[in-house]
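1. What would the 3D arrangement of this be:
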Amino acid sequence: MIAPTDLLPVARTQKPYGIRGELVLLFRRREYAELDVENYFLEIDGLPVPFWVEEFTFTTDVSARVKFEDVDDEPAASRYSNLEVLLPRKVVLSADEQQDRDWHFFVGYTITDQHGAALGVIEEVDDATMNVLFIVRDGDQEHLIPAADDLIAAVDEQHKILEMFIPEGLIEE
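-> Below you'll find the model as predicted:
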């Protein structure tokens, strides 16, 4: 079984399309839409559930109509509207190698500062504004740390550790 931390968000389901059970997927990046995959995971009640692709038709460079197996009509498809669409990290990584890495790749990584002190685990990425932030949880504390290439010192993908240069005063003890 695949762990939720091994999956990354790549799209979001939109409303059903037509009466055959197709859903519109809106991808975060064009590279994710172009990935040739047999199945996607939909996040239902916080759990990743696999859905196998029966048909896939591009509508724009970042959206597509997808017909999943066993979703055969509009009422069935409407149950899966407005859900997060996930893919395994290794699949997303193959797309990100061609472009700049998506910050969501680092969800689940532990952030350490330039002195080796662990600051917590990245739980979310706030990319609603131009200044992208990592939302890092350490026990009861939550830290907002800028996601910027200039601040990253090293990435240990095997151990899921992101070493960053943390500016003075950003994290208060």
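2. With adjacent residues omitted, what lies nearest to Leu119?
-> Leaving aside its sequence neighbours, Leu119 sits nearest to Ile111 (C-beta to C-beta, 6 or more residues apart in numbering; 4.6 Å). For glycine as for every other residue, the C-beta is placed from the backbone atoms N, C-alpha and C.
3. So that neighbour: helix, strand or coil?
-> Going by DSSP: H, G, I helix; E, B strand; the rest coil, the secondary structure assigned to Ile111 is strand.
4. Now Ile135. Its backbone dihedrals?
-> For Ile135, the backbone dihedrals (degrees, to the nearest 10) come out as phi -100, psi 110.
5. residue contacts, it?
-> Ile135 sits next to Ile122, Glu123, Glu124, Val125, Asp126, Glu142, His143, Leu144 when contact means C-beta atoms under 8 Å, 6 or more residues apart in numbering.
6. list the contacts for the residue nearest to it when sequence neighbours are not counted?
-> In space, and not counting its chain neighbours, Ile135 is closest to Glu124: 4.2 Å by C-beta to C-beta, 6+ apart. The contact partners of Glu124, by C-beta under 8 Å, 6+ apart, come to Val107, Phe134, Ile135.
7. now, which of the residues you listed sits nearest Leu8?
-> Lowest distance from Leu8 to the contacts of Glu124 (C-beta to C-beta) belongs to Val107, with 6.9 Å.
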